[in-house]
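*Asks:* Pasting the sequence and the predicted model now:
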Amino acid sequence: GILTELLPPKQLVVANGWIEGLTVASIILGTVLGGALISPQISGVLLSMDIPVFDTGIDRPSEAAMIVIGVFYIVAALFNIYIPDTGVRYERQPSNPLVLTRDFGICLVTLWRDKLGQISLAVTTLFWGAGATLQFIVLRWADSHLGMPLDKAAILQGITAVGIAFGAVLAAQIIP
């Protein structure tokens, strides 16, 4: 939503494309990073790090992985501090969950009644649904047919996602 406040209308499609592309890239990177964090090699390195005179209480690979993920969240929060204030002020919105639920329902019905809204919602739902299903299929296939442990299968999952993204870009270039 902030793009419409920061950019002129001519740049919105390109900016939205960048946002979408970076979102997909961050999902893929997160998948690969998650696979790497649970690998014995990386978790071993993380657990071997010690802070002198301070016991962190981090003794398990999952705890070390959560610290790394927490650091990423802190860095993301710091980046958000530097998003410029656009000066746009909106009227105060209701915070009552019942009012918000009703408003959401009205917006949802409005979107589903609109022909372009229907296409957008259906395609988006199918895209993310198929993507999530494919992730589980790749993990299961890597385990049962390739004998890969979860950390390696997660990296394979990320590589599969890169292939899908590349295919989508290629399809967009080939098909008018």
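*Replies:* Sure thing, it's come through.
*Asks:* just the helices in this structure please.
*Replies:* 3-6, 12-37, 40-48, 61-81, 97-113, 115-146, 150-174 (DSSP state H).
*Asks:* Quick check: mean pLDDT of the shortest one?
*Replies:* Spelled out, it's helix 3-6. Averaged across helix 3-6, pLDDT comes to 88.
*Asks:* Check the gap between residue 170 and residue 159 for me.
*Replies:* For residue 170, the distance to residue 159 (Cβ to Cβ, to the nearest Å) stands at 16 Å. Just so you know, the C-beta spots here come from the backbone N, C-alpha and C atoms, and that holds for glycine as well.
*Asks:* what about those two, which has more around it?
*Replies:* Counted by other Cβ atoms under 10 Å, residue 170 and residue 159 do not tie: residue 159 has more neighbours, with 14 against 10.
*Asks:* Tell me who's in contact with the more buried one.
*Replies:* residue 32 (Cβ atoms under 8 Å, 6 or more residues apart in numbering).
*Asks:* how close does it sit to residue 81?
*Replies:* 34 Å.
*Asks:* can you check residue 142 too?
*Replies:* 39 Å.
*Asks:* Out of all residues in the protein, which is the farthest from the middle?
*Replies:* residue 53 (37.1 Å; Cα atoms, centre = their mean).
*Asks:* any idea how far residue 11 is from it?
*Replies:* Counting by Cβ to Cβ, the gap from residue 53 to residue 11 is 52 Å.
*Asks:* Likewise for residue 32?
*Replies:* In terms of Cβ to Cβ, residue 32 sits 31 Å off from residue 11.
*Asks:* If you count surrounding residues, which of those two has more?
*Replies:* Neighbours were counted for residue 32 and for residue 11 using other Cβ under 10 Å; residue 32 has more, 18 against 12.
*Asks:* wait, what's in contact with that one?
*Replies:* Residue 32 neighbours (Cβ under 8 Å, 6+ apart): 154, 155, 158, 159.
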